[in-house]
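Q: next one to model:
(2 chains)
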Amino acid sequence: MARNAIGQYELSQIVPNGGDNDGAFRIDGARRLRHFDDGTAKTIIGRAVIAGLDDDYGSDFIWDSRGAYAWVHVGSFCYTYKNTPNSSAGDATWNNPGQEVECVDDPAHGLKCSFAGGILPDRWHASSRSHHPRGVNAAFGDGHVAFIRNEVDQITWWRLSDIAGGHTIDGDY
Amino acid sequence: MVINRSCIFRRWRTMSRCAVLGVLLLCGCGSGGRQSIDGTVTLDGQPLEKGSITFIPQAGTQGPTAGAEIVDGNYTISTAGGTFAGKFRVEITAARVSGTIEIEGKIYDKHEQFLPDRYNTASQLEAEVTAGEPNHFEFALNLD
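A: Numbering: from 1, shown residues only, chains lettered A, B, ... in the order given. The predicted structure follows:
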């Protein structure tokens, strides 16, 4: 069974215009409170993810590493904010058809995956996902948790996710 | 003073009908929420065998990003996973094997995104999604 887990994301190289590519965590880089210019109460630092299935796909070489916190991949312990929660746009992580596949398109379990992940991380991204109806829970830097709707504006989602984008959050979420 | 009860009753009935109608109209606006999208993608005139398509709302368009996998040139985004009406930037990616790569002593096929940047990271593809009408978009891509 898939289960809920908390994933914390790092930067996404691939957030287009409207969002700053600077999430709460990044690999090999420390963050201090003073870096959170947008305010910790307005910055998401952790979000729900759905853990992938590891042995239900009939092959030792096909499993889903999403939510595996000990696995150093985008989609495992680090999550990007490119796409809105539970987006129908699939995640893109390690996906090497014919060899190891670690991102399985499994919409029945809430796990959408794109074919485009390949084995190079420059285009990897993974959304926050949950089994809750209509949205996901997100933890903010000041410790509060809020429920974010699946239908949150993409731009609001980006602005909630970057730590120092300098934009006000003017949409509902 | 004589109160015409039947008239009051009729008025109440009319008002309640209006209220019901109003709720129905509001529901109508509500179903103008998320829209399903489908369409085709060709590359140099042939259906794109495998790829991904993403609809990213542009400034002024509310709501989530949506997408789907492209299989044999076709893609479908359900209403539940769809977008709101508005203007979208569209990104299309596709990967193919482009050689091998060694990672931690093992040899892997190297899957490479091979569509030009103008279709994804620097996309110039656009779509306008409308409420209550079929949203069918055909994209004809070229490698050159």
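Q: which residues are in contact with the closest residue in space to residue B:125 that isn't next to it in sequence?
A: Counting by C-beta to C-beta, 6 or more residues apart in numbering or on different chains, residue B:125 lies nearest to residue B:90, which is 3.9 Å off, once chain neighbours are set aside. (C-beta placed from N, C-alpha, C; glycine too.) Residue B:90 makes contact with B:53, B:54, B:55, B:56, B:123, B:125, B:126, B:127, B:137, B:139 under the criterion C-beta atoms under 8 Å, 6 or more residues apart in numbering or on different chains.
Q: 7 Å - rerun?
A: For residue B:90, the set of contacting residues under the criterion of C-beta atoms under 7 Å, 6 or more residues apart in numbering or on different chains consists of B:53, B:55, B:123, B:125, B:126, B:127.
Q: in helices, which of these appear?
A: The helices in this structure, assigned by DSSP state H, contain none of the contacts of residue B:90.
Q: show the buried residues in these.
A: The neighbour-count criterion (16 or more other C-beta atoms under 10 Å in any protein chain shown) marks B:53, B:55, B:123, B:125, B:127 among the contacts of residue B:90 as buried.
Q: go through those and flag which are in strands.
A: Taking DSSP state E, the ones among those that sit in strands are B:53, B:55, B:125, B:127.
Q: and which of the buried ones among the contacts of residue B:90 is nearest residue A:44?
A: Comparing the buried ones among the contacts of residue B:90 against residue A:44 with C-beta to C-beta picks out residue B:55 as the nearest, at 22.9 Å.
Q: isn't the closest one right up against residue B:67?
A: Yes - in this structure, residue B:55 is within contact of residue B:67 by C-beta atoms under 7 Å, at 6.4 Å.
Q: let's have the contacts of residue B:90 in JSON lines, adding distance to residue A:118 and pLDDT.
A: Supplementary listing: those in JSON lines, determined by distance: C-beta to C-beta, whole Å; pLDDT from 0 to 100:
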{"residue": "B:53", "distance to residue A:118": "17", "pLDDT": "96"}
{"residue": "B:55", "distance to residue A:118": "22", "pLDDT": "97"}
{"residue": "B:123", "distance to residue A:118": "19", "pLDDT": "92"}
{"residue": "B:125", "distance to residue A:118": "21", "pLDDT": "97"}
{"residue": "B:126", "distance to residue A:118": "26", "pLDDT": "97"}
{"residue": "B:127", "distance to residue A:118": "25", "pLDDT": "98"}
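Q: can you list phi and psi of residue A:160 for me?
A: phi -70, psi -20 (degrees, to the nearest 10).
Q: where does the chain have low pLDDT?
A: Defaulting to chain A. Where chain A drops to pLDDT under 70, the residues are A:1-21, A:26-29, A:55, A:69-72, A:77, A:120.
Q: meant chain B, my bad for not saying
A: Counting by pLDDT under 70, the low-confidence segments of chain B come to B:1-32.
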